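# sequence isn't available, so here's the structure alone:
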Ligand code: GAL
């Protein structure tokens, strides 16, 4: 019956589908910039060909920044218009274009995204937005049943250039589905009374009602017949956003399929969700100290360290054998002061509540190196983008404390781009904009709660968001930040591309980072130094030499599997360079409520993909910077970020990054050597379908006989001779600690 239904849908869809113009085929291409190239009559026969799915760097134009044009010739059949349902307009999809584009159809400009350097306001990239342009069906630029030419003027400011990626690229008639959307991410899953609940929204942006059938099916793990089904005939009024409730028993990891089938065209809109499954066991009420085994600080600098302990409150803290000059607040567990003694101090930290006492030895290493384990905390960018404000930082800080996440070691509160104003016209000092009325006050607030504060700038004249940056004010800015109480600096290349030569050599690439290294060294604070230049010049090979405590190894991450997979699984190459105090940074976490602006949505990663994300970052010894609005922390995200055994793998004192040891099709096994002689073993399944995977200890270079612990579930699973076979969910992971 189900097969019949599916084939019926397909049939209906094919019956109404019209042929579209496929624009993912090679285009004509030429670097340079001439207005005549917009003219359809221009003779481009001697131009080369280029694929629009890969940047031009990878197609023979390495290191080319600047202008180039793409041209595409096609016939536009009137049958396409006549067979369509709405006969209203055409939709042009071009995918992502790095960085700016201006589109002409038969010589007429029909759209632009981003800003060219000569535009008012100057250059602005829109590299990560798939292009979508609409044209009315009676637009005089259209030539029905004749040859048409699309010409696209592209400007690339930096990095990859031109059309790229696998987003759809075509020209087609607008249909009803252009006006309909299913929103399954605006509200989180809520776990309540053995039930799982969520709101789904169907939206009709058209100015007439749309009829259709709404079907929700819930499939239990591995079953292909739905356990629950809901069907509704719905009329969505013009411009209506309808909220629909999902409400069914809490099945661990069920697949929820949502479909809306429009009545006239049978156009199907669908969304698929995986219900969250919680792996981290509930927190024990007894005290447990979760700090890493080492902590670095510089002599003579202000010291700030917080005992991160879970367990019932109230809690009392102690620290024995602290270096001279440091003291602990017994009620908060915050250690402050300043010590001039260099050396390794084995401090015994203890935490006590009504249920008992626990203690842990942590080595305070007072010397030149800081960030001895990867920084953990929060950064504003992946949630708030340029709309970050003092209030939003405080809300997330309050939530970090109130939710108990801080007790697991999450500590830095980093303000990314968007805090800056112009400079003081007399002193030249960088000023904060109206969203940050008192930066020193904000730092004091965070410090008083044992948290640290990070800030952001660029070595160029402007940040990536177009705000004032540090060029020619390096020492002054470092001093200002130190005065405010800053503990972390993310220093982002951005407009330094305009200062550096067109194809900078290694020395030129390192120069701005060395200048800031020297400026930071003159301050009296421990400021973690985070380089952000997207991996240029294999930064992992030299980031430590310019003082970097961490360095971004890639471009920006976003909340999709493609982005996560593309970045995360490429990190084997830089892994050997990670060491205590100097980390590879594959970018910030994309879990929880993200959005890069004012409007947030729930991450588009499935629960299994999020387990993969956190596990892989822990295996890589990557900095863990939560990129979501913590004031809206949902049950699943909190559980995901509170697993002390997973975090301990990331924070392991040996400081070695895990390596890819075995690859078999879509299965990858990574192994990380830990300080106590055990190994973390992560089995990743990059396929959509669940898999059974067998690991062979000998192949991983391990002993023949291994004692195994499931890290996410925090359970011993037993002893295994030679091999272990385990099920790994699609896009998921099994993370083990092997002794
Ligand atoms: C990008 C950087 C992002 C974010 C942004 C701010 O270059 O990679 O992480 O900091 O700039 O404008």
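Happy to help now that I have it. None of the values given here were measured: they were computed from a predicted structure.
# tell me the helix or strand right after the worst-scoring helix or strand of the chain on mean pLDDT.
Across the helices and strands of the chain, mean confidence by mean pLDDT, DSSP states H and E is lowest for helix 2-16: a mean of 32. Per DSSP states H and E, the first helix or strand lying C-terminal to helix 2-16 is strand 21-22.
# now do the buried residues in the helix or strand following that next one.
Per DSSP H and E, the first helix or strand lying C-terminal to strand 21-22 is strand 27-31. Buried positions in strand 27-31, judged by neighbour count with 16 or more other Cβ atoms under 10 Å: 27-31. Where you see a C-beta, it was placed from the backbone N, CA and C, and this is true even at glycine.
# interface residues of the stretch 501-650 of the chain facing the ligand?
532, 556 (Cβ under 6 Å from any ligand atom).
# please enumerate the helices of the stretch 501-650 of the chain.
506-521, 561-568, 607-619, 635-640, 644-650 (DSSP state H, counting those that start in this stretch).
# up against the ligand, what does this protein have?
381, 416-417, 463-465, 492, 494, 532, 556.
# redo these as a markdown table? Include pLDDT, secondary structure and neighbour count.
Listed next are those as a markdown table, based on pLDDT from 0 to 100; DSSP: H, G, I helix; E, B strand; the rest coil; neighbours: other Cβ atoms under 10 Å:
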| residue | pLDDT | secondary structure | neighbour count |
| --- | --- | --- | --- |
| 381 | 98 | helix | 24 |
| 416 | 98 | coil | 26 |
| 417 | 97 | coil | 24 |
| 463 | 96 | coil | 22 |
| 464 | 94 | coil | 22 |
| 465 | 93 | coil | 20 |
| 492 | 98 | strand | 24 |
| 494 | 94 | helix | 24 |
| 532 | 98 | strand | 22 |
| 556 | 95 | coil | 17 |
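# how about the residues you listed, which pair is most distant?
463 and 556 (13.8 Å; Cβ to Cβ).
# and the helices in the stretch 1-150 of the chain, which stretches?
Using DSSP H, counting those that start in this stretch, helices in the stretch 1-150 of the chain cover 2-16, 78-82.
# in the stretch 201-350 of the chain, which ranges drop under the pLDDT threshold?
Within the stretch 201-350 of the chain, not a single segment meets pLDDT under 70.
# and the helices in it?
For the stretch 201-350 of the chain, no helices are identified by DSSP H, counting those that start in this stretch.
# now do the strands in it.
Applying DSSP state E, counting those that start in this stretch to the stretch 201-350 of the chain gives strands spanning 210-219, 228-236, 241-249, 255-262, 268-274, 288-289, 294-297, 303-306, 309-310, 316-320, 326-328, 334-337, 343-353.
# so what secondary structure elements neighbour the fourth one?
For strand 255-262, the helices and strands in contact under the criterion 3 or more Cβ pairs under 8 Å, 6 or more residues apart in numbering; DSSP states H and E are strand 180-183, strand 210-219, strand 268-274.
# possible to save those strands as JSON lines with mean neighbour count?
Formatted as JSON lines, the helices and strands packed on strand 255-262 follow (neighbours: other Cβ atoms under 10 Å):
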{"stretch": "strand 180-183", "mean neighbour count": "17"}
{"stretch": "strand 210-219", "mean neighbour count": "19"}
{"stretch": "strand 268-274", "mean neighbour count": "17"}
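# with distance to residue 407 added, can I get the ones you listed in TSV?
As requested, those are exported to TSV (distance: least, Cβ to Cβ, whole Å):
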stretch	distance to residue 407
strand 180-183	34
strand 210-219	35
strand 268-274	29
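# quick one, which of those strands is nearest to residue 634?
Using Cβ to Cβ, those put strand 268-274 closest to residue 634, at 13.7 Å.
# can you list the strands that that closest one pairs with?
strand 255-262 (antiparallel) (DSSP bridges).
# returning to what we had before: tell me the most buried of the helices of the stretch 501-650 of the chain?
Compared across the helices of the stretch 501-650 of the chain, helix 607-619 shows the largest average neighbour count, a mean of 25 (mean count of other Cβ atoms under 10 Å).
# ok and that helix relative to strand 268-274, angle-wise?
In terms of direction (axes from the mean of the first three to the mean of the last three Cα atoms, to 10 degrees), helix 607-619 departs from strand 268-274 by 50 degrees.
# helix 607-619 - contacts with which helices or strands?
Counting by 3+ Cβ pairs under 8 Å, 6+ apart, helix 607-619 packs on helix 561-568, strand 624-626, helix 635-640, helix 644-650, strand 667-673, strand 679-685, strand 733-738.
# relative to strand 667-673, how tilted is it?
Going by the same axes, to 10 degrees, helix 607-619 makes 30 degrees with strand 667-673.
# run the chain-centre distance for helix 607-619.
12 Å (Cα atoms, centre = their mean, to the nearest Å).
# what does the residue nearest to residue 524 when sequence neighbours are not counted show for phi and psi?
Leaving aside its chain neighbours, residue 524 sits nearest to residue 301 (5.8 Å; criterion: Cβ to Cβ, 6 or more residues apart in numbering). Main-chain dihedrals, residue 301, degrees, to the nearest 10: phi -90, psi 160.
# ok, residue 263 next?
Residue torsions, per degrees, to the nearest 10, at residue 263 are phi -70, psi -40.
# for the stretch 1-150 of the chain, give the residue positioned nearest to the ligand.
Residue nearest to the ligand within the stretch 1-150 of the chain: residue 125 (9.4 Å; Cβ to the nearest ligand atom).
# let me redo that: the stretch 501-650 of the chain
In the stretch 501-650 of the chain, no residue comes nearer to the ligand than residue 556, which is 4.6 Å away by Cβ to the nearest ligand atom.
# isn't that residue up against residue 128?
Yes. Judged on Cβ atoms under 8 Å, residue 556 makes contact with residue 128 at a distance of 7.1 Å.
# dump the residue contacts of residue 519.
474-475, 477-479 (Cβ atoms under 8 Å, 6 or more residues apart in numbering).
# ok, and the closest non-adjacent residue to it?
Take residue 519 and drop its neighbours on the chain: the residue closest to it by Cβ to Cβ, 6+ apart is residue 478, 3.8 Å away.
# where's the one you found relative to the ligand, distance?
19 Å (Cβ to the nearest ligand atom, to the nearest Å).
# what helix or strand does that residue sit in?
Per DSSP H and E: helix 474-484 holds residue 478.
# same check on residue 394?
Residue 394 belongs to helix 390-402, assigned by DSSP H and E.
# quick one: contacts of whichever helix or strand comes after that helix?
Downstream of helix 390-402, the first helix or strand assigned by DSSP H and E is strand 412-414. The contact list for strand 412-414, computed with Cβ under 8 Å, 6+ apart, reads 375-380, 393, 396-397, 400, 446, 451-456, 487-488, 490, 528, 625.
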